[in-house]
Each structure stands twice: as C-alpha cells, then as structure tokens.
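# Build the 3D model from these lines:
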Amino acid sequence: ETDSVIREYSSIQQKSSTYLAETDTGKPTITKIELETSEQGAIHSFGEPLSLKFEINIPGKKFESMALSVQLFNHLNYPVLYNWIFDMESPILRKEGINCITLQYPSLRLYKGDYFVRVHLAETKTKQKFDQIDCCPFEVVMLNRKEPEWGWQNNVCQYFDEAIWISEGQSLKTQTVNKP
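Numbering: from 1, shown residues only. Next comes the predicted model:
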C-alpha cells in the first residue's frame with residue numbers, strides 16, 4: 001500500500017526534470033539537461049538506474065580540451081556524488097553544433113532524501129568555465145526495499161553500499177538493501 005501511495009504522489013509532482021536554455025553563439029552552451037528517474041515526477045527508487053542526458057552546443061570555433069562534470073547535492077546543499085569526463089581522456093564535444101552526451105548510473109545507491117544536479121562545462125587548457133547550472137531536483141525513495149526494524153529514518157546517511165559484518169573470523173551477515 002505504501003508503494004501505491006508513493007506512486008500516486010509521484011505522478012502529481014510538479015518538479016521539473018528538464019533544464020532548457022538558449023544557445024549562446026559565442027561560447028559552448030549547455031542547452032538541455034534531462035534527468036531520467038525510475039519513477040514519474042522526479043522520484044527515484046533507491047538502487048535503480050538513473051541517467052542524465054545533455055545537449056551541448058559548440059559554436060564554430062574548435063574546442064579540443066573540454067570538460068563536463070556533474071555533482072549531485074543533498075537538501076543541505078552538500079555535494080555527495082561527483083563524476084566527470086575530460087576531452088583528454090575521451091574526445092568529447094568536438095563537433096560543431098549540438099553534441100549529445102549521457103551519464104548513466106546503473107544502480108544509484110543514494111539514500112532516501114531530496115537532491116539536485118549541478119553541471120559544469122569548462123575548457124581545461126584555459127580553465128575557462130562556460131556554464132554552471134543547478135537544476136533537476138529529485139527525491140530518492142526506498143520503494144520495494146525491506147525496511148530495517150526501525151524503518152527508513154531521515155538524515156541517517158547519504159549513500160548506502162553493501163557491507164559484511166564479521167565477528168571473530170565468522171561472517172555474520174551481508175548487509176544489503178534488498179527487495180523483499
């Protein structure tokens with residue numbers, strides 16, 4: 001029943017999961033950021049795939065040292081996750097016009113709470129920052145996950161990973177957030 005209430009709630013949410021901007025013909029510009037959560041209404045279920053799709057306009061000038069990075073921030077405005085891609089590692093954003101890049105998290109294990117996305121677009125050689133955008137607020141919920149005895153408490157952590165409890169050389173339990 002809780003899952004159906006959350007799904008109903010998520011279907012009426014007004015949070016925007018897409019950022020749009022006009023093209024700046026004088027500099028590289030992020031024109032679109034689209035957050036794809038596992039549920040409707042910018043609701044994301046713990047452990048499910050999450051992706052960010054970017055459209056970046058590159059004007060006529062050639063840029064060969066671009067960098068794109070993403071941070072996920074919690075409700076207290078603290079960064080909790082950071083990912084980046086640099087042109088020197090993998091050629092990116094070299095085509096004139098709109099370039100599309102996707103960042104995928106196969107199993108995002110952020111703990112329940114409210115988050116938002118910050119995106120940086122820069123050139124590494126000159127250290128020139130072209131864009132910094134805060135957008136795409138979303139909520140992580142613990143759908144279809146077996147609750148601990150005390151329930152899913154707020155502000156316990158930001159990230160949850162598998163762990164093994166060991167006592168005197170004996171494995172006691174593997175701790176995961178399993179589906180019931």
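# Burial check on the residue nearest to Glu162 when sequence neighbours are not counted, number of neighbours?
Counting by C-beta to C-beta, 6 or more residues apart in numbering, Glu162 lies nearest to Thr176, which is 4.9 Å off, once chain neighbours are set aside. C-beta here means a position set from N, CA and C on the backbone, and glycine is covered the same way. Neighbour count of Thr176, defined by other C-beta atoms under 10 Å: 15.
# go on, Gly97?
Each residue near Gly97 was counted by other C-beta under 10 Å, and the total is 10.
# try Thr25
Counted with other C-beta under 10 Å, residues neighbouring Thr25 total 9.
# Over to Leu52?
Using other C-beta under 10 Å, Leu52 has 21 other residues around it.
# And it, what's its pLDDT?
With respect to pLDDT, Leu52 scores 97.
# Could you pull out the buried residues of the longest strand along the chain?
Counting residues, the longest strand in the chain under DSSP state E turns out to be strand 128-141. Judged by neighbour count using 16 or more other C-beta atoms under 10 Å, the buried positions of strand 128-141 are 130-131, 135-141.
# who does the helix or strand just after that strand touch, helix- and strand-wise?
Under the assignment DSSP states H and E, the closest C-terminal helix or strand after strand 128-141 is strand 163-167. The contact analysis (3 or more C-beta pairs under 8 Å, 6 or more residues apart in numbering; DSSP states H and E) places strand 163-167 against strand 170-175.
# any idea how far the residue nearest the centre of the chain is from Met66?
Geometric centre of the chain, nearest residue: Leu72, 5.5 Å, by C-alpha atoms, centre = their mean. Going from Leu72 to Met66 by C-beta to C-beta, to the nearest Å gives 21 Å.
# so which of the buried residues of strand 128-141 comes closest to Leu110?
Here the nearest of the buried residues of strand 128-141 to Leu110, counting by C-beta to C-beta, is Val140; it sits at 4.9 Å.
# can you map out the strands along this structure?
So, for the chain - with DSSP E - the strands run 18-20, 29-36, 43-45, 50-58, 66-74, 79-86, 97-105, 113-123, 128-141, 163-167, 170-175.
# As a markdown table, the ones you listed with distance to Trp152 would be great.
Putting the strands of the chain into a markdown table (distance: least, C-beta to C-beta, whole Å) gives the following:
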| stretch | distance to Trp152 |
| --- | --- |
| strand 18-20 | 28 |
| strand 29-36 | 22 |
| strand 43-45 | 12 |
| strand 50-58 | 19 |
| strand 66-74 | 16 |
| strand 79-86 | 17 |
| strand 97-105 | 20 |
| strand 113-123 | 10 |
| strand 128-141 | 9 |
| strand 163-167 | 17 |
| strand 170-175 | 14 |
